[in-house]
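Enquirer: Just need the structure, nothing else, for what follows:
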Amino acid sequence: MKQSYTDYFRSIDTHSPISSEFRVRTLSGALISIFTLVLTIYLIGSEYTYNLTPTFLDHVHVMPQSPDGLEVEFDITFQH
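Expert: Got it, this is the predicted structure:
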């Protein structure tokens, strides 16, 4: 016998607070489980790419009024 889509989604329900003996799997619980899984994967992936992508900020300051000649300062910042 084939299992319907709603029965399949109900079997995914992991947010049931009752022991397995009295557990009733629901479609809303399955949707919460799927949403939680997708959100967790998205957040982990976005943090992973954010932390492994280098960000460079560079600034060059030239002070032409220096009595010793042309003075150049480099300010390079690596975030993370």
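Enquirer: Tell me where the model's unsure across this structure.
Expert: Within the chain, the ranges that satisfy pLDDT under 70 run 1-2, 14-23, 57-72, 76, 78-80.
Enquirer: show me where it has helices.
Expert: 5-11, 27-52 (DSSP state H).
Enquirer: Contacts for the shortest one, please.
Expert: When contacts are defined by CB atoms under 8 Å, 6 or more residues apart in numbering, helix 5-11 is touched by residues 3, 25-27, 29-31, 34. In short, each C-beta sits where N, CA and C put it, glycine included.
Enquirer: and these, which are buried?
Expert: Among the contacts of helix 5-11, those that count as buried by neighbour count (16 or more other CB atoms under 10 Å) are 25, 29-30.
Enquirer: Redo those as a markdown table? Include distance to residue 39.
Expert: Listed next are the buried ones among the contacts of helix 5-11 as a markdown table, based on distance: CB to CB, whole Å:
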| residue | distance to residue 39 |
| --- | --- |
| 25 | 20 |
| 29 | 16 |
| 30 | 15 |
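Enquirer: quick one: which of those is nearest to residue 74?
Expert: Nearest to residue 74 among these, counting by CB to CB, is residue 30 at 56.4 Å.
Enquirer: residue contacts, that closest one?
Expert: Residue 30 neighbours (CB under 8 Å, 6+ apart): 9-13.
Enquirer: do that again at 7 Å, thanks
Expert: By CB atoms under 7 Å, 6 or more residues apart in numbering, residue 30 lies in contact with 9-10, 12-13.
Enquirer: what's the distance between it and residue 5?
Expert: 10 Å (CB to CB, to the nearest Å).
Enquirer: likewise residue 26?
Expert: Distance of residue 26 to residue 5, given as CB to CB: 14 Å.
Enquirer: and if you look at residue 75?
Expert: Using CB to CB, residue 75 is found at 59 Å from residue 5.
Enquirer: go on, residue 37?
Expert: Separation of residue 37 from residue 5 (CB to CB): 17 Å.
Enquirer: now swap in residue 51 and tell me
Expert: Counting by CB to CB, the gap from residue 51 to residue 5 is 38 Å.
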